[in-house]
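# whatever this is, show me its structure:
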Amino acid sequence: MTLNQKFYKKNKNGKLEYTTLFDTDIKDEKEKSNKETSPRLQIIDTNTIEYKYIKQGSILIKLCRNQFGMNFRYFYIDNMNYALRWFSPNKKYESSYIKLANIINVEKTTKNMLEKIPNGIIDSQIYKLSLKISYYNDKKKTKFLYVVCKNKLEQKLWLYGLGTLINNQYNTKPNFENYTEYLNDDIYQYSDICCLFYYNYFQGDILGCKIYIQQQSKNNLKLIKKIKKMEDVKDMKDMNDEIKYYITPQINHIQELISTISFLIKNNIYRKCSKIEKKNIIILLFQIEIKSTVSKDIFKVLSKKYKK
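Got it, this is the predicted structure:
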């Protein structure tokens, strides 16, 4: 968040009050943001790890309250700290957000909180990685958004990061500086979520794994070609900027994961994998599929958003 203007305004009692306006990258929401941004969002420590993490965003599971199932979505806080947003491929970009000023509370879920979710819960232990976000909709009715994080560290980053943005008060807070190494650990990032849902995700042998990787690599290249076509289109700078921010890092990471798994396969082609090796391969395979699916969803949403 960057400061672009400072000024004082006069209150009804005649006193001068210091006010700050924030930069925004969404023209049609700039005026709305200045009117609706809550005073509690005006003073934010932008240097904390948790703030930077939720601003960059991450892939979470969005629990469906009205139907069966769960969906992996990319969640993030927009550039002007106006809303919590996510990319839903079957909805317009403008429909998938919650104003930060409307969020009442964010908390860890309990087992009882998820009892109202209809038949979509695969594992009863899902609440251990979940968050409940309470908010007002435009009709001032209380609504709830349930998300599942990939690991317990991510759960804490979103809990304290989003909680601080909406002015939740915490007596104690983890020192996230001590855990930064785990943020780039490919195995740790998806290990908790895999243990809950996808421990039997891949039952094939090394050859089957090799074929699967080749297919994922082809899918990744197809998306890269689509993105390349967009880069060649004039007057699409805004879309290309968003692609570079939200999709390109996912694609690059997929390629890194494919290389890692290919290396593991090559080293284990003539012997049986150990349980730990197989578990790690499963986690990496699962991560590739999720990132690939989410990248396609983001591209679909952005294509609709900038369609002329």
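
# show me the shaky parts of the stretch 1-150 of the chain.
Scanning the stretch 1-150 of the chain for pLDDT under 70 picks out the ranges 1-43, 65-69, 115-123.

# SS state for residue 168?
Put simply, residue 168 is coil when judged by DSSP: H, G, I helix; E, B strand; the rest coil.

# tell me how many other residues surround the nearest residue to residue 147 once chain neighbours are set aside.
In space, and not counting its chain neighbours, residue 147 is closest to residue 60: 4.5 Å by C-beta to C-beta, 6 or more residues apart in numbering. Every residue, glycine included, has its C-beta placed from N, CA and C. By the other C-beta atoms under 10 Å criterion, the neighbourhood of residue 60 contains 23 residues.

# and residue 60, what is it in contact with?
Contacts were defined as C-beta atoms under 8 Å, 6 or more residues apart in numbering; by that measure residue 60 touches 72, 73, 75, 86, 147, 148, 149, 150, 154, 158.

# recalculate using a threshold of 6 Å.
75, 147, 149 (C-beta atoms under 6 Å, 6 or more residues apart in numbering).

# most surrounded residue in these?
Scoring the contacts of residue 60 on neighbours with other C-beta under 10 Å, the highest-scoring entry is residue 149 at 24 neighbours.

# quick check: that residue touching residue 128?
No - with contact defined as C-beta atoms under 6 Å, residue 149 does not count as touching residue 128 (9.7 Å).

# okay, now residue 138: neighbour count?
Residue 138: 7 neighbours (other C-beta under 10 Å).

# run through the stretch 151-300 of the chain and note the low-pLDDT ranges.
Within the stretch 151-300 of the chain, the ranges that satisfy pLDDT under 70 run 198-208, 234-235, 268-272.

# could you redo the last one with a cut-off of 80?
Across the stretch 151-300 of the chain, the ranges flagged by pLDDT under 80 are 167-171, 196-212, 230-236, 265-275.

# strands of the chain, residue ranges please.
Using DSSP state E, the strands assigned to the chain run over residues 3-10, 16-22, 58-63, 70-77, 83-86, 97-99, 103-108, 130-136, 142-148.

# re the thing from before, tell me the one of the contacts of residue 60 nearest residue 186?
Nearest to residue 186 among these is residue 149, at 16.1 Å by C-beta to C-beta.
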